[in-house]
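*Asks:* Need the 3D shape of this:
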Amino acid sequence: MNASLIPLQQSLIPIIDRWSAGHLDYATAIPGLNLFRRETPLPPAFCLIKPSVVLVVQGDKQMYAGDKTYPYDITRFLITSLELPAKSETLSASAEKPCLGLNLELDKRLITEMVAHGEVPSKSDVTEGCVGTGRVTDKLLESFQRLVSLLDEPEAVSALLPGVMREIHYRLLTSDQGSRLRQIASVEGQGYKIAKAIDWLCLHFSEPLSIDALSSQVQMSTTTFHSHFRRLTSMTPLQYQKWLRLNEAKRLMLNDDLDAASAGYKVGYESPSQFNREYSRLFGVSPRRDVEMLRTQLVS
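*Replies:* Residues are numbered from 1 along each chain as shown. Next up is the predicted model:
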């Protein structure tokens, strides 16, 4: 690791350590900024990653998306340009030296504005997929240091946050992962259209899905839509919808105490047997057994 980065990295640790104490995940008062703390290694857990950047300041993690694995640590940040089903794993952490970091949701409107106004260099490079890891630089760390420091200066947030957010997005757009963000910035681009389709799926996942209708809605042919959706997300639209349905069903059973059949109907399944079969295929156990295991873990 570059020696110049170490003091910057070290300066972030006590702030995140203090604000995340007692929490696994802490939603800060700054919109879109969440801190995380893990005091023990944790196996892969399902999650829905919003367009965001994840920065680790202590420890290391990795994410599984599609059939690929993305390790990241204090030298590499993780970035996703689309809302993406994935699994997150904590590789090294302890009570004495917890895995600490932050997750910042990206502002797609700001990205589009900065690209359209020529505030970042225009490049024609093409990047496969919507997720990757990039090299942490001193300039990027400095901008995140300014962001996290605002937690201790709440009266300055409204005045200083817009400038800090613009700087962070500029650093990301000019980083070695900038092409992932630029591909969703052009209204005429395929990445932008897939992002609009994902927005629709997240809002209407319990409804019957017509690929022809959805591709037409985002002004793409069915073949082109299917191809680009899979290229960017490593999933088909139907697989994406299924993931959203099953994870919402899990939430309903765990938090709202719904039985498996009721949860399945609520997220769009007409057949309890189909719901049980697809749930078991994704999570490895039946809905009832999975919820029992999760509740036992929460109690312990």
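*Asks:* confidence score at the residue most central in space within the chain?
*Replies:* For the chain, residue 49 is the residue whose C-alpha lies nearest the centre (CA atoms, centre = their mean; 2.2 Å). On pLDDT, residue 49 comes in at 90.
*Asks:* My guess is it contacts residue 70. True?
*Replies:* No: between residue 49 and residue 70 there is no contact under CB atoms under 8 Å: 10.6 Å. Any C-beta I mention is one placed from the backbone N, CA and C, and that applies to glycine too.
*Asks:* what touches both of those two?
*Replies:* Listed as contacting both residue 49 and residue 70 by CB atoms under 8 Å, 6 or more residues apart in numbering are 63, 131.
*Asks:* What segments of the stretch 1-150 of the chain are strands?
*Replies:* Ranges of strands within the stretch 1-150 of the chain are 25-27, 33-38, 42-49, 52-58, 60-65, 68-72, 76-80, 84-92, 99-105, 131-135, based on DSSP state E, counting those that start in this stretch.
*Asks:* Can you pull the domain assignment for the chain?
*Replies:* The chain breaks down into these domains under automatic domain parsing: 5-182, 187-300.
*Asks:* where does this structure have low pLDDT?
*Replies:* Along the chain, the parts satisfying pLDDT under 70 run over 1-5, 122-128, 186-188, 298-300.
*Asks:* Which residue is the nearest non-sequential neighbour of residue 25?
*Replies:* residue 36 (5.2 Å; CB to CB, 6 or more residues apart in numbering).
*Asks:* now do residue 294
*Replies:* Counting by CB to CB, 6+ apart, the residue nearest residue 294 is residue 254, at 5.8 Å.
*Asks:* swap in residue 279?
*Replies:* Once flanking residues are discounted, residue 279 sits nearest to residue 287: 4.8 Å by CB to CB, 6+ apart.
*Asks:* list the contacts for the residue nearest to residue 294?
*Replies:* For residue 254, the contact set (CB under 8 Å, 6+ apart) comprises 291, 294, 295.
*Asks:* can you check residue 22 too?
*Replies:* Residue 22 makes contact with no residue, according to CB under 8 Å, 6+ apart.
*Asks:* Please renumber the chain so that the first residue is 12 from this point on.
*Replies:* In the new count, where the first residue is 12, that last one comes out as residue 33.
*Asks:* Quick check: which of the strands of the stretch 12-161 of the chain is nearest to residue 288?
*Replies:* Among the strands of the stretch 12-161 of the chain, strand 53-60 comes nearest to residue 288, with 17.8 Å by CB to CB.
*Asks:* Other residues contacting the closest one?
*Replies:* Contacts for strand 53-60 (CB under 8 Å, 6+ apart): 74-76, 91, 94-101, 104, 142, 255, 258, 294.
*Asks:* Of these, keep whichever come out buried.
*Replies:* 74, 76, 91, 94-97, 99-101, 104, 142, 255, 258, 294 (16 or more other CB atoms under 10 Å).
*Asks:* most neighbours, which of the contacts of residue 265?
*Replies:* residue 302 (21 neighbours; other CB atoms under 10 Å).
*Asks:* count of neighbours near the residue nearest to residue 290?
*Replies:* Residue 298: 23 neighbours (other CB under 10 Å).
*Asks:* Could you report the distance from it to residue 213?
*Replies:* 22 Å (CB to CB, to the nearest Å).
*Asks:* what's the answer for residue 76, then?
*Replies:* Counting by CB to CB - residue 76 and residue 213 are separated by 16 Å.
*Asks:* Where is the longest helix in this structure?
*Replies:* helix 248-266 (DSSP state H).
*Asks:* Mind listing what's buried along that helix?
*Replies:* Buried residues in helix 248-266 (16+ other CB under 10 Å): 248, 250-261, 263-264.
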